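Q: below is the sequence, then the predicted model.
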Amino acid sequence: MHLSKTLLLSALLASTSLYTKSSDEAAYFPERGQWEQKNASDFGISSTKLEKAVQFALDNEYSGSRDLRIAILKGFEREPFHEILGPTKKRGGPSGLIIKDGYIIAQWGQPERVDMTFSVTKSYLSTIAGLAVDKGLIKNTSDLVGDYVWSGEFAGRHNSQIKWQDLLDQSSDWSGELFGIKDWADRPPRDGDIDDWKNRKLNTPGSVMEYNDVRVNLLAYSLLQVWRQTLPQVLKAHVMDPIDASTTWRWFGYDHAWVTVDGMQMKSVTGGGHSGAGVFINTYDQARFGLLFERNGRWNDQTVISKKWIEEALTSSSANESYGYMWWLNKGPRKWEVDDESLFYAAGFGGNFIVVDQKNDLVVVTRWLEPSKIGAFISLIKESL
């Protein structure tokens, strides 16, 4: 694959003057359907080194099938009873954007193509919780979820202890079944068998992080009870429309995940694509979402999500230093080979990433990159700065 045939680098733009943002210059935000490009060298960035980073992304495509039904079933084949329960979509090839000071300085692949984004969806879901806190629908993340959701999911000695923050940092160890999926059957330990998994000793909520989509989907279900409208409607009205996203993104739930709220049937969406569903979105819209967080929740002159929430969401949980509220942090056991602990990112199956570097006013979206290569890829970008 030759870079000249596949890569659209804004470094090839005609402008050669060095761009310097003055302290009183308004931050740039792209309008709907438009995104201005600038030459990487305008920012003192090496175009040659940036091209090397992009070529690395192109050369290290995720090794799983482009038919994501096959990739999903293969990726989770260890799980008992695993099946696809929601929509899927065949994916494209490697794609991405590098955004500096709000401007596109590099792009590759098909950034306009809508693809599944898997667990990047969790960062959208976390934002729905943040909006609920901002608007007072949830008073505090330290509140017990059972004080808001009383339909039975948080009954019992263990589940009644679970707080919103435990669902958000994946340390709840909630025990039960949601939409026909048992919590212990989702990403079970490599040791033991079904009897061991079913009869395990439960961890005190807040003490141990365990990546588990059943419990993430329980957060989505619980937020549906709080908002009393579907979460895609909330995301559209309060986030995606304010940041001028396209109309092409979608957020799906499992085919059977219908819930009655105020006498109306509403779909409870998923926080990932583990069994299908989740957010399907193009790379440009993914980058807008990343830019919103890079700018501390502001878009033009509007506060979309509070800086206070973002700071809370990006605080290491007591259960895992590398994880906040469904955002990964570049510290602790999951730290990349990049010496910058201020980086944070959303990550999804198949090599979907939104990486935010506030120090350098940088947002990187890469899709279908072999997941183990993300640290090396970001290192190459850092070398170009």
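A: In hand now; what should we look at?
Q: against residue 329, how distant is residue 83?
A: Distance, residue 83 to residue 329, by C-beta to C-beta, to the nearest Å: 33 Å. Placement of C-beta: from N, CA and C, glycine included.
Q: comparing those two, which shows the higher neighbour count?
A: residue 329 (21 against 12; other C-beta atoms under 10 Å).
Q: which residues touch that one?
A: 314, 316, 321, 322, 323, 341, 343, 344 (C-beta atoms under 8 Å, 6 or more residues apart in numbering).
Q: next up, the contacts around residue 234.
A: With C-beta under 8 Å, 6+ apart, residue 234 has these contacts: 128, 131, 227.
Q: returning to that earlier point: export the contacts of residue 329 to a markdown table and tack on pLDDT, secondary structure and neighbour count?
A: Listed next are the contacts of residue 329 as a markdown table, based on pLDDT from 0 to 100; DSSP: H, G, I helix; E, B strand; the rest coil; neighbours: other C-beta atoms under 10 Å:
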| residue | pLDDT | secondary structure | neighbour count |
| --- | --- | --- | --- |
| 314 | 98 | coil | 17 |
| 316 | 98 | coil | 15 |
| 321 | 98 | coil | 16 |
| 322 | 98 | coil | 15 |
| 323 | 98 | strand | 22 |
| 341 | 95 | coil | 13 |
| 343 | 98 | coil | 23 |
| 344 | 98 | strand | 23 |
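Q: centre-most residue in this protein?
A: residue 120 (2.3 Å; C-alpha atoms, centre = their mean).
Q: and what about it, helix, strand or coil?
A: Following DSSP: H, G, I helix; E, B strand; the rest coil, we place residue 120 in the helix state.
Q: that one contacts residue 279, doesn't it?
A: Yes - in this structure residue 120 lies within contact range of residue 279 using C-beta atoms under 8 Å: 6.8 Å.
Q: shared neighbours, those two?
A: By C-beta under 8 Å, 6+ apart, no residue touches both residue 120 and residue 279.
Q: surely residue 292 is in a helix?
A: Yes - with three-state DSSP as the criterion, residue 292 is assigned to a helix.
Q: how close does residue 359 sit to residue 343?
A: Counting by C-beta to C-beta, the gap from residue 359 to residue 343 is 8 Å.
Q: ditto for residue 53
A: 15 Å.
Q: just the helices in the stretch 151-300 of the chain please.
A: Under the criterion DSSP state H, counting those that start in this stretch, helices of the stretch 151-300 of the chain are mapped to 164-168, 194-198, 213-227, 231-235, 283-294.
Q: nope, the stretch 1-150 of the chain is what I meant
A: Counting by DSSP H, counting those that start in this stretch, the helices of the stretch 1-150 of the chain are 3-6, 47-59, 68-75, 121-134.
Q: so which of those comes closest to residue 152?
A: Residue 152 lies closest to helix 121-134 among the helices of the stretch 1-150 of the chain, at 20.9 Å (C-beta to C-beta).
Q: what does the closest one contact?
A: Applying C-beta under 8 Å, 6+ apart, the contact partners of helix 121-134 are 138-141, 164, 168, 216, 219-220, 223, 226-227, 231, 234-235, 238-239, 251, 270-273, 278-279, 289, 305-306, 309-310, 312-313, 325-327, 346, 348, 354.
Q: list buried residues within those.
A: When these are checked for burial by 16 or more other C-beta atoms under 10 Å, the buried set is 138, 141, 164, 168, 216, 219-220, 223, 226-227, 231, 234-235, 238-239, 251, 270-273, 278-279, 289, 305-306, 309-310, 312-313, 325-327, 346, 348, 354.
Q: may I have stretch 305-314 as PDB, with CA atoms only?
A: The C-alpha coordinates for stretch 305-314 follow below in PDB (Å, rounded to 0.1, in the frame of the first residue of the first chain):
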ATOM      1  CA  ILE A 305     -20.600  19.200  29.200                       C
ATOM      2  CA  SER A 306     -19.100  20.700  32.300                       C
ATOM      3  CA  LYS A 307     -15.400  20.900  32.900                       C
ATOM      4  CA  LYS A 308     -16.200  19.700  36.400                       C
ATOM      5  CA  TRP A 309     -17.600  16.400  35.000                       C
ATOM      6  CA  ILE A 310     -14.700  15.900  32.600                       C
ATOM      7  CA  GLU A 311     -12.300  16.300  35.500                       C
ATOM      8  CA  GLU A 312     -14.300  13.700  37.500                       C
ATOM      9  CA  ALA A 313     -14.500  11.300  34.600                       C
ATOM     10  CA  LEU A 314     -10.700  11.500  34.000                       C
END
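Q: buried sites along stretch 37-57?
A: In stretch 37-57, counting by 16+ other C-beta under 10 Å, buried: 37-43, 45, 47, 50-51, 53-57.
Q: stretch 60-76 too?
A: By 16+ other C-beta under 10 Å, the buried positions in stretch 60-76 come out as 60, 61, 62, 64, 65, 68, 71, 72, 73, 75, 76.
Q: between the two ends of that stretch, how far is it?
A: In stretch 60-76, first residue to last residue: 22 Å (C-alpha to C-alpha, to the nearest Å).
Q: what's the average pLDDT for it?
A: Stretch 60-76 shows a mean pLDDT of 97.
Q: distance between that stretch and the chain's centre?
A: Offset of stretch 60-76 from its chain centre (C-alpha atoms, centre = their mean, to the nearest Å): 19 Å.
Q: how about residues contacting it?
A: Here stretch 60-76 makes contact (C-beta under 8 Å, 6+ apart) with 82, 84, 88-94, 116, 187, 273-276, 349-351, 368-371, 373, 377.
Q: ok, now stretch 337-345?
A: Defining contact as C-beta under 8 Å, 6+ apart, one finds that stretch 337-345 is touched by 293, 314, 324, 327-331, 335-336, 353-359, 375-376, 378-379, 382.
Q: do stretch 207-221 as well
A: With contacts defined as C-beta under 8 Å, 6+ apart, stretch 207-221 is touched by 122, 125, 128-129, 149, 153, 167-174, 177-179, 181-183, 186-187, 203, 231, 253, 257, 259, 268-272, 274-275, 317-320, 323, 326.
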